[in-house]
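Enquirer: with the input below, show me the fold.
(chains A, B, C, D, E and F)
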There are 6 protein chains.
Amino acid sequence: MATEFDTGSPSIRQIQTLIRDQQTIEIKLLTGDVFSSIVLWQDAQAICLNIDGQPMLVMRTAVAYIKIMS
Amino acid sequence: MATEFDTGSPSIRQIQTLIRDQQTIEIKLLTGDVFSSIVLWQDAQAICLNIDGQPMLVMRTAVAYIKIMS
Amino acid sequence: MATEFDTGSPSIRQIQTLIRDQQTIEIKLLTGDVFSSIVLWQDAQAICLNIDGQPMLVMRTAVAYIKIMS
Amino acid sequence: MATEFDTGSPSIRQIQTLIRDQQTIEIKLLTGDVFSSIVLWQDAQAICLNIDGQPMLVMRTAVAYIKIMS
Amino acid sequence: MATEFDTGSPSIRQIQTLIRDQQTIEIKLLTGDVFSSIVLWQDAQAICLNIDGQPMLVMRTAVAYIKIMS
Amino acid sequence: MATEFDTGSPSIRQIQTLIRDQQTIEIKLLTGDVFSSIVLWQDAQAICLNIDGQPMLVMRTAVAYIKIMS
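Expert: Sure thing, here's the model as predicted:
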């Protein structure tokens, strides 16, 4: 689980840009849940969203897609 | 399975804080189950909840998200 | 698949205690199946239950949670 | 994917015994499919069943449980 | 993802034979999709089918089973 | 997660060709979602599509198949 976190890979860099720009994303999980949120931070295991003002840790293994909203 | 447990990663540290503060979380699994509980402990494979006064080992690979309740 | 089996991790030790004490657990799988059983043994790939007097190998990757019954 | 195949682990040895004894198993997959068959062979990626006289490669990652029939 | 591709393992060799003999298989995915096709090629990540005359890359992690048709 | 990205493997090379030729694909996810899109780029974790003019990061672990449209 302590997988290295390759901050150089395009998808990690893309999410880093979303964090910096506080851009809203739509994220769909394998459960079918869909959340719309900014991204607070990310690490090797999780992506942290802000849902109803509370942090939500979404497990990377449960993510289907991340759509960048204009 | 004996994956190293990177206690330095933000998501592990966040859960460690939840354990210390005995803060209630909402955790959703890939099965669709949703539990509300404090976190008793965590390791590389599982997160241990307290459900109806009994320990419940939730497998990390089955977790969709962890929402921190205020 | 020949992942090391970290017998020192809390969740493996917890299951080892359940085996020793022949304590009944409730185990839910990603398929939605729920079984109530003692645990006969465990290894890196599977957890062996006793269902209707026959051994059942449950794959760790398919486990959602293990609830310890009082 | 070229994971080592730990022939010493109890669950691999148990399946090896089933192969040797041509014992019938019930195997359930994450899709909900349930098959009853003997096991022809196994390797790190798959378990080979005999379904309607034809080999069927079941991917280990898709297996929920293997129940040993008396 | 750059997992070594163990061409010596029985399941990889079995699929290689299917490719060579252009034998039709039935492949079921975790989504419930079932395809009947020959196998064009395989690598560590995917199995390439010929569906309606077009290549289809099926991700190994999404495969439930491969049934060899007579 | 910082898995090496084996640009030599046939499936990665096939997707690279699709990117170069801006060829439309049909991609199905484990959630059942199906998208039709060109591929903007790929890395070890994700495949980036262009959906409604916005980038969409699809996680490789959530992909069932990629069908190449004529």
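Enquirer: residues contacting the residue of chain A found nearest chain D?
Expert: Chain D sits closest to residue A:30 of chain A, with a gap of 11.7 Å, by C-beta to the nearest C-beta. C-beta here means a position set from N, CA and C on the backbone, and glycine is covered the same way. Residue A:30 sits next to A:62, A:63, A:64, B:30, B:64, F:30, F:31, F:62 when contact means C-beta atoms under 8 Å, 6 or more residues apart in numbering or on different chains.
Enquirer: strands - which of these land there?
Expert: A:63, A:64, B:64 (DSSP state E).
Enquirer: check contacts around the second one.
Expert: In other words, residue A:64. Applying C-beta under 8 Å, 6+ apart, the residues contacting residue A:64 are A:28, A:29, A:30, F:29, F:30, F:31, F:33, F:58, F:59, F:62.
Enquirer: tell me the secondary structure at the spatially most central residue of chain A.
Expert: In chain A, the centroid-proximal residue (C-alpha atoms, centre = their mean) is residue A:47; its distance is 3.9 Å. At residue A:47 the chain is in strand, as set by DSSP: H, G, I helix; E, B strand; the rest coil.
Enquirer: which strand residues bridge residue A:28?
Expert: Note on residue A:28: beta-bridge partners residue A:34, residue A:65, judged by DSSP bridges.
Enquirer: that one touches residue F:31, doesn't it?
Expert: Yes - Residue A:28 is within contact range of residue F:31, at 6.4 Å (criterion: C-beta atoms under 8 Å).
Enquirer: which of the two has more neighbours?
Expert: Shown here are residue A:28 and residue F:31; by other C-beta atoms under 10 Å in any protein chain shown, residue A:28 has more neighbours (22 against 18).
Enquirer: chain F contacts on chain A?
Expert: A:3-6, A:9-12, A:14-15, A:28-30, A:32, A:44, A:60-61, A:63-70 (C-beta under 8 Å from any C-beta of the partner chain).
Enquirer: please convert the buried members of those into ChimeraX selection syntax.
Expert: In ChimeraX, a selection of the buried entries from these looks like this (16 or more other C-beta atoms under 10 Å in any protein chain shown):
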select /A:3,5,6,9,10,11,12,14,15,28,29,30,44,60,61,63,64,65,66,67,68
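Enquirer: so of the residues of chain A next to chain F, which ones are in helices?
Expert: A:10, A:11, A:12, A:14, A:15 (DSSP state H).
Enquirer: apart from its chain neighbours, what residue comes closest to the first one?
Expert: Think residue A:10. residue F:43 (4.7 Å; C-beta to C-beta, 6 or more residues apart in numbering or on different chains).
Enquirer: same check on the third one?
Expert: Among residues not flanking residue A:12 along the chain, residue A:6 sits closest, at 6.2 Å (C-beta to C-beta, 6+ apart).
Enquirer: residue A:13 is in contact with that neighbour, correct?
Expert: No - between residue A:6 and residue A:13 there is no contact under C-beta under 8 Å: 9.6 Å.
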